[in-house]
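Enquirer: Fold the following, please.
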Amino acid sequence: MWKIGLTFLLYFFVSVSLIWTQEQTVGLFQLQEGTFEGYTLFSPSASTNVYLIDNCGEMVHAWECSTKPGNATYLMPDGSLFRAGQLNNLKIHAGGAGGLIEQYSWDNQLLWQFTYNTTTVRAHHDFQVLPNGNILILAWEVKDQEEAIQSGRRPELLADDKLWPEHIVEIQPIGTDSAVIVWEWHVWDHLIQDFDPSKQNFGKVGDHPGKIDINYTRPERYGADWLHANSIHYHPGLDQILLSVLYFDEIWIIDHNTTTVEAAGDQGDLLYRWGNPQTYHRVDSHDQKLYGQHDARWIEEGLPDAGKIMIFNNGQGRPDSLYSSIIKIQPNYEDGAYGVNENGLFLPTQEDWSYTADPPSSFYASFVSGAQQLPNGNLLINDGAHGTFFELNDQNQQLWKYVNPVTIFGIAAQGALVVNPAGNGTNSVFRATKYPKSYPAFIAKDLKPKGIIEDDPNRSPCLVPSTKEEQEEDMPFALYPNPVHDKLHIRTFTGTYELFNMQGQRIRSGFVEQEAVLRVEALASGIYLLLLSDGGTHKIIVQH
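Expert: The predicted structure is shown next:
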């Protein structure tokens with residue numbers, strides 16, 4: 001009998017070891033005390049689904065949509081979902097292309113959709129739902145070779161024989177499938193060039209910082225997608241619009257408090273620009289601050305650093321080395337104008353705050369990505385290039401980490417590689433947004449965990465309760481933190497335990513009566529197996 005029991009234990013241990021020695025690649029990696037309580041919304045680039053997960057990495061809700069994202073997604077206070085969808089367009093196609101804006105109810109019913117996708121215009125990347133229910137759409141419009149040259153574009157900078165300047169339309173939704181344009185703004189109305197005095201828009205670029213130099217380009221970036229704006233954000237108090245313009249390595253602010261006619265004139269010129277003063281001929285490359293940035297947004301009222309602008313600075317082309325950072329700046333806005341210094345540079349000349357990893361090169365997201373200020377002072381960061389979300393506290397300590405398991409090959413099984421040979425993920429995510437549990441959209445909604453997304457039936461459940469009350473009500477057993485550095489807590493369990501290393505050696509055993517603390521600081525970093533007398537078996541990760 002003893003031999004049978006020992007044989008079974010060894011067989012069981014070896015079986016579990018084979019499963020758990022497989023490196024974790026997706027799902028929940030970390031959940032520590034201090035993580036902001038809420039639900040994270042994300043739309044995998046490779047999927048038509050939109051997911052809402054809890055801090056344990058379990059899905060609490062999902063929407064099945066008609067197309068892949070194109071790209072932004074927003075959960076509204078009434079529980080409906082607005083998203084950009086990706087349509088086909090053989091004439092206008094580039095990264096971030098969309099063409100469709102649609103609204104779904106909480107229970108996945110299509111409420112409204114609007115197509116902005118023709119041979120001459122196409123919505124892309126981002127949009128904003130305004131307080132009055134109207135929607136700002138960021139879009140390309142096509143200008144042919146003749147129009148571009150007449151406006152002052154250098155012919156050698158027309159590799160595609162056309163340009164796609166940005167424009168913004170404000171639409172008022174009507175019915176279930178239409179809308180009317182009530183306001184618009186076009187880059188094409190605010191150009192400057194110092195190349196050909198016989199063409200339109202001629203002038204001294206440095207004397208007109210509110211104008212856009214039609215001949216500014218990144219080196220070798222001469223395609224039709226000349227500007228590639230990738231985010232739009234609205235400030236209701238200022239009635240202004242903030243844009244991130246990737247190929248200018250700049251953010252722009254324009255006035256929304258205009259008519260369409262006024263927006264086409266000088267009142268529609270840029271009020272503010274920051275990140276790369278070379279674009280308006282003020283300084284050289286040493287003053288450039290932004291490098292291929294995404295997700296520029298004002299921090300909302302009621303949050304730490306409210307009123308500042310936060311930007312995910314991807315780091316494309318950064319001269320010292322390739323790394324990403326998150327920065328905050330406080331523009332000098334007084335008496336209806338943005339301040340400049342004695343050299344004509346828009347203030348501030350340096351960021352007010354920044355985050356980089358240690359070492360900086362360990363965190364580099366070359367495309368998409370974003371950051372969100374959370375109410376408790378934490379920061380949610382989306383390394384979108386690798387489909388990885390992580391949360392930092394105000395001491396830049398990582399508290400939470402989750403890797404999107406939805407890839408271009410489908411839903412990944414645990415252990416499957418989700419990084420391609422170039423080092424980017426096959427599981428990219430344009431943006432991730434965390435909503436507090438008190439968000440009105442969640443009132444009277446079923447938010448019970450519905451399981452993990454990844455194909456990982458052997459993964460241990462989330463072992464960190466939100467509060468003592470939730471622990472006692474929902475979790476008969478609690479084990480945390482995991483990964484653990486020094487003290488492993490066992491709660492609401494009575495019985496014996498045994499701790500094994502991955503060589504099958506028992507290195508610790510004892511008895512627990514409701515609660516115990518196991519000190520593990522003397523153990524080597526690695527994976528251990530905790531066996532409990534009630535039959536429970538748990539993977540423990542010790543990290544020093």
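Enquirer: Can you spell out the domain ranges of the protein, please?
Expert: 27-442, 465-542 (automatic domain parsing).
Enquirer: between the ones you listed, which one is nearest to residue 448?
Expert: Nearest of the domains of the chain to residue 448, taken as C-beta to C-beta: domain 27-442 at 6.9 Å. Bear in mind the C-beta positions are built from the backbone N, C-alpha and C, glycine included.
Enquirer: pLDDT (mean, whole number) over that closest one?
Expert: For domain 27-442, the mean per-residue pLDDT is 96.
Enquirer: Turn the domains of the chain into JSON lines, including mean neighbour count.
Expert: Listed next are those as JSON lines, based on neighbours: other C-beta atoms under 10 Å:
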{"stretch": "domain 27-442", "mean neighbour count": "19"}
{"stretch": "domain 465-542", "mean neighbour count": "15"}
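Enquirer: could you dump these to JSON lines with distance to residue 453?
Expert: Formatted as JSON lines, the domains of the chain follow (distance: least, C-beta to C-beta, whole Å):
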{"stretch": "domain 27-442", "distance to residue 453": "5"}
{"stretch": "domain 465-542", "distance to residue 453": "19"}
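Enquirer: These: which one's closest to residue 452?
Expert: Closest approach to residue 452 among those is made by domain 27-442 (5.6 Å; C-beta to C-beta).
Enquirer: how far out from the middle of the chain is the closest one?
Expert: The chain centroid and the centroid of domain 27-442 are separated by 10 Å under C-alpha atoms, centre = their mean, to the nearest Å.
Enquirer: What ranges does the stretch 251-400 of the chain have for its helices?
Expert: With helices called from DSSP state H, counting those that start in this stretch, the stretch 251-400 of the chain shows them at 260-263.
Enquirer: Actually, the stretch 401-544 of the chain.
Expert: All helices of the stretch 401-544 of the chain, identified by DSSP H, counting those that start in this stretch, fall at 468-474.
Enquirer: Now do the strands in it.
Expert: 406-407, 410-411, 429-436, 478-480, 487-501, 506-519, 526-532, 537-542 (DSSP state E, counting those that start in this stretch).
Enquirer: Quick one: closest of the ones you listed to residue 105.
Expert: strand 429-436 (16.8 Å).
Enquirer: elements contacting that closest one?
Expert: Judged by 3 or more C-beta pairs under 8 Å, 6 or more residues apart in numbering; DSSP states H and E, the packing partners of strand 429-436 are strand 38-44, strand 69-75, strand 370-373, strand 379-383, strand 388-392.
Enquirer: ok, residue 427 - contacts?
Expert: Residues near residue 427 by C-beta atoms under 8 Å, 6 or more residues apart in numbering: 26, 44-46, 386-387, 403-408, 412, 418.
Enquirer: at 6 Å instead, please
Expert: Contact analysis of residue 427 by C-beta atoms under 6 Å, 6 or more residues apart in numbering lists 387, 404, 407, 418.
Enquirer: what does residue 110 give?
Expert: Contacts of residue 110 (C-beta under 6 Å, 6+ apart): residue 104.
Enquirer: cool, and residue 69?
Expert: So residue 69 contacts residue 43 (C-beta under 6 Å, 6+ apart).
Enquirer: That one pairs with what?
Expert: residue 85 (DSSP bridges).
Enquirer: That one and residue 43, how far apart?
Expert: 4 Å (C-beta to C-beta, to the nearest Å).
Enquirer: rewinding a little: figure out which of the helices and strands packed on strand 429-436 is closest to residue 337.
Expert: strand 370-373 (25.9 Å).
Enquirer: So what are the sheet partners of the closest one and their directions?
Expert: Going by DSSP bridges, the partners of strand 370-373 are strand 379-383 (antiparallel).
Enquirer: Do you have the helices of the stretch 51-200 of the chain handy? List them.
Expert: 145-150.
Enquirer: For the residue nearest the centre of the chain, give me its contacts.
Expert: Centre of the chain computed as the mean C-alpha position; nearest residue by C-alpha atoms, centre = their mean is residue 431, 2.7 Å away. For residue 431, the contact set (C-beta under 6 Å, 6+ apart) comprises 370, 382.
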